[in-house]
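Student: Sequence plus predicted model, see below.
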Amino acid sequence: MSVALLKDLRDLDVAVIHPFDADGERLVEHLRRIGCMANLLWPVPPSVPQGCDIVFLSMEDEAREEIGQLLRSMPNPPPTILAIVSYENPSMLQMVLESGALSVIERPIKPFGLLTNLAIARNLWLQRQRLLKEARKYKRKVLGDQKIARAKAILMAANNLNERDAYAKLRQEAMAQRLPIDEIANAVINSETLLR
């Protein structure tokens, strides 16, 4: 865990969705001591406040429907979620899993371990976002490569070219029009589809 991550925790906007009781107040107080901008919210709101970075979500059986609605309304990407639980049973575990929580805090809430859970959950969230970004990048590359291969095949068949010359033609056209080669490949594929 980097020191930068710990410093960044101080500037995070935290929503504590928890009943107004001693545990909720203690949690908000401790988060504020860490340096987070924490607000206690109850009942469960229909959506998280805009700009919210972290959500501490109390898993309450009587608020199951409201929690479900809150989770369905999450932005993309959702904030870092930490679940707060009073007990363990299959129903509670199901709620925690459905929430996408990256850490679990147990009641009664104690300051010890809170910073560790918060830092680990945030670190996992940041890693997940980085991996999702890389996955989207590789997916675009694979799709672009598939388009280029299809466009080369079309040019090879239509103009009696070899693979190298077909690629050179795509590349030359992309440079002439100052467009990415996969856009030119897409145009070749679309024009071939129209001529059928």
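Tutor: Right, received. Where do you want to start?

Student: from here on, contacts and neighbour counts on C-alpha atoms
Tutor: OK.

Student: Correct me if wrong: Asp182 contacts Lys147.
Tutor: Yes - contact criterion Cα atoms under 8 Å: Asp182 and Lys147 qualify, at 6.4 Å.

Student: what's the following helix or strand after the longest helix seen in the chain?
Tutor: Looking across the chain with DSSP state H, the single longest helix is helix 114-159. Remark: after helix 114-159, the chain's next helix or strand is helix 163-177, criterion DSSP states H and E.

Student: Next, the buried residues of that next one.
Tutor: Ala166, Tyr167, Leu170, Arg171, Glu173, Ala174 (16 or more other Cα atoms under 10 Å).

Student: nearest spatial neighbour of the first one, skipping sequence neighbours?
Tutor: Setting aside the residues directly before and after it, Ala166 is nearest to Lys152 in space (Cα to Cα, 6 or more residues apart in numbering), at 5.2 Å.

Student: residues touching that neighbour, list them.
Tutor: Glu163, Ala166, Tyr167, Leu170, Ala185 (Cα atoms under 8 Å, 6 or more residues apart in numbering).

Student: ok now do the first one, which residues does it touch?
Tutor: For Glu163, the residues meeting the contact criterion (Cα under 8 Å, 6+ apart) are Lys152, Ala153, Met156.

Student: Let me have the contacts of Lys152 in a markdown table, extended by pLDDT.
Tutor: A markdown table is the format used below for the contacts of Lys152 (pLDDT from 0 to 100):
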| residue | pLDDT |
| --- | --- |
| Glu163 | 89 |
| Ala166 | 89 |
| Tyr167 | 89 |
| Leu170 | 89 |
| Ala185 | 89 |
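
Student: Which one of those residues is nearest to Leu82?
Tutor: The shortest approach to Leu82 among those belongs to Ala185, at 45.4 Å (Cα to Cα).

Student: and the helix or strand that closest one falls within, what does it pack onto?
Tutor: Secondary structure from DSSP H and E places Ala185 in helix 181-194. Packed against helix 181-194 by the contact rule (3 or more Cα pairs under 8 Å, 6 or more residues apart in numbering; DSSP states H and E) you find helix 114-159, helix 163-177.

Student: Columns distance to Arg107 on top of these, output as CSV?
Tutor: Listed next are those as CSV, based on distance: least, Cα to Cα, whole Å:
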stretch, distance to Arg107
helix 114-159, 12
helix 163-177, 61
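
Student: Thanks a lot, catch you later.
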